[in-house]
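S.K.: A predicted structure for the sequence below; I have some questions about it.
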Amino acid sequence: MQTLKIGTRGSPLALAQAHETQARLMETHGMPAEAFEVVVISTSGDRIQDRPLSEAGGKGLFTKEIEEALLAGTIDIAVHSSKDMPTVLPDGLELSAFLPREDARDAFIGKAAKRIIDLPHGAKVGSSSLRRQALIRRMRPDLDVVMFRGNVQTRLRKLEEGVAEGTILAHAGLKRLGLGHVVTDLMPLDAFPPAPGQGAIGIETRIGDREVEKMLEAIHDVPTGQALACERAFLAALDGSCRTPIAGYATVAGGKLVFAGLIISPDGTQSHEVKAEGLALDAADIGTDAARMVRVKAGETFFDGWV
Ligand SMILES: NCc1[nH]cc(CCC(=O)O)c1CC(=O)O
C-alpha cells in the first residue's frame, strides 16, 4: 500500500472524523502524515437538502457512494458517523473498528431560553430528526417543531437568523467541530435517549483486507465496539418493521453491558422503553432480546399504526 486512502464525506464534521482517525493511526503506528490521503466523496445525502432524509430514502444515503469507492478499491477505509450507517452493509464490507465514543447525548442550543423547559408556549424548535421531533413533543407537546436540515453550521446559522428559538444536535458532533461552547443544555439520557450509534466513529473496510484490519486493530476501542454491537442489533431487529423512531444506548464497564432502548410514536404520545443488561461479550444478543421485549410491550398494533 502506497498511501492509506481514507474515504469520507466532505462536511466539516465528516472531515474532522477522518482527520481524527488519521491522527490516531499516525500516533499509534508512528506513521507520517504523507502515509495518508483523505479522499472526499459526495453522497446523495449531501445533495438532497429540501426534504427530510426519511422521505428521501433514509439511512444509506450518506454511505452509498463511499461504499462503492471502498468496493472499487479507490479508498482503503471509510470513516463514518456510526449513527448514519444502515444495519445491513453491502456484501464484502464490514464495520471493523470504532474509535472511543464521544458523549452520546443530544445537546440543546437555545437562543434566549437555555433549556427546553424554559421555552415559551408554542415556541419553534428546529429538527428534522424524527426521533428528536417525537422526544421534543413528548416533553413539550405545546412546542412547534419545525424542519431544520443541513449540516451543523447551517443549522446554527438558522438559529441565529431566528428561524427557531432552539435546536437539538448531537453533543459529539459539536465537540468534534470545536463548537461545544454553543450548547446551552445537555439532554438527559432517560428523557431524551440518543440514536443507536450516536457519538461513535465507525470505520468500514473490505472483509478480508488483512493489512488494513491489522492497522485498525490498534485504534479499535473494544467497549465502544460492544456497545455498538448491542445498539445495532436492537436497531436491526426493529427497523425493518418499525416505522417509528428508535433510540438505544449501551454502556460497557468492567465487561458488563447496560442497555436502554425506546420506541416512540412520531407525535410523542406513545412510547415504550426497555432495559437490559448482561455480559459485554453477549452484546448483540442483548440488543436482539431487548428488541423482542419492546415489541411484546408495545404490541404489534404499535408497529402498524404509524406512517
Ligand atoms: N445525521 C447527521 C449526523 N450524523 C452524526 C451526527 C453527529 C455525530 C455523531 O453522532 O457521532 C450528526 C449531526 C447531529 O445529529 O447533530
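M.R.: Looks like it came in fine. Numbers count the residues shown, from 1 in each chain.

S.K.: which residue packs closest to residue 259, ignoring adjacent ones?
M.R.: residue 250 (4.2 Å; CB to CB, 6 or more residues apart in numbering). C-beta here means a position set from N, CA and C on the backbone, and glycine is covered the same way.

S.K.: can you pull up the bridge partners for residue 185?
M.R.: Judged by DSSP bridges, the bridge partners of residue 185 are residue 108.

S.K.: who in the protein is up against the ligand?
M.R.: 81, 83-84, 169-170, 172-173, 198-199 (CB under 6 Å from any ligand atom).

S.K.: tell me which helix or strand the residue nearest to residue 259 sits in.
M.R.: strand 246-253 (DSSP states H and E).

S.K.: point out the other helices and strands that that strand packs with.
M.R.: helix 130-139, helix 222-238, strand 256-264, helix 283-298 (3 or more CB pairs under 8 Å, 6 or more residues apart in numbering; DSSP states H and E).

S.K.: and for stretch 43-52, what are the contacting residues?
M.R.: 9-11, 53, 56-57, 61-66, 84, 128, 130, 147, 149-150 (CB atoms under 8 Å, 6 or more residues apart in numbering).

S.K.: and the buried ones among the residues you listed, selectable in ChimeraX?
M.R.: To isolate the buried members of these in ChimeraX, using 16 or more other CB atoms under 10 Å:
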select :9,11,53,61,62,63,64,65,66,84,128,130,149
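
S.K.: follow-up on the earlier one: next, give me the two most distant ones among the residues of the chain next to the ligand.
M.R.: 84 and 169 (14.0 Å; CB to CB).

S.K.: how about the strands in the stretch 51-200 of the chain?
M.R.: 77-81, 93-98, 106-110, 124-126, 144-146, 166-170, 185-186 (DSSP state E, counting those that start in this stretch).

S.K.: make JSON lines out of these and add mean pLDDT and mean neighbour count.
M.R.: JSON lines is the format used below for the strands of the stretch 51-200 of the chain (pLDDT from 0 to 100; neighbours: other CB atoms under 10 Å):
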{"stretch": "strand 77-81", "mean pLDDT": "97", "mean neighbour count": "25"}
{"stretch": "strand 93-98", "mean pLDDT": "97", "mean neighbour count": "20"}
{"stretch": "strand 106-110", "mean pLDDT": "97", "mean neighbour count": "24"}
{"stretch": "strand 124-126", "mean pLDDT": "96", "mean neighbour count": "21"}
{"stretch": "strand 144-146", "mean pLDDT": "96", "mean neighbour count": "16"}
{"stretch": "strand 166-170", "mean pLDDT": "97", "mean neighbour count": "25"}
{"stretch": "strand 185-186", "mean pLDDT": "98", "mean neighbour count": "16"}
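
S.K.: can you list these in JSON lines and add distance to residue 260?
M.R.: Formatted as JSON lines, the strands of the stretch 51-200 of the chain follow (distance: least, CB to CB, whole Å):
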{"stretch": "strand 77-81", "distance to residue 260": "21"}
{"stretch": "strand 93-98", "distance to residue 260": "19"}
{"stretch": "strand 106-110", "distance to residue 260": "14"}
{"stretch": "strand 124-126", "distance to residue 260": "24"}
{"stretch": "strand 144-146", "distance to residue 260": "23"}
{"stretch": "strand 166-170", "distance to residue 260": "17"}
{"stretch": "strand 185-186", "distance to residue 260": "17"}
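
S.K.: closest one to residue 256 among those strands?
M.R.: strand 93-98 (18.3 Å).

S.K.: from the chain's centroid, how far away is that closest one?
M.R.: 15 Å (CA atoms, centre = their mean, to the nearest Å).
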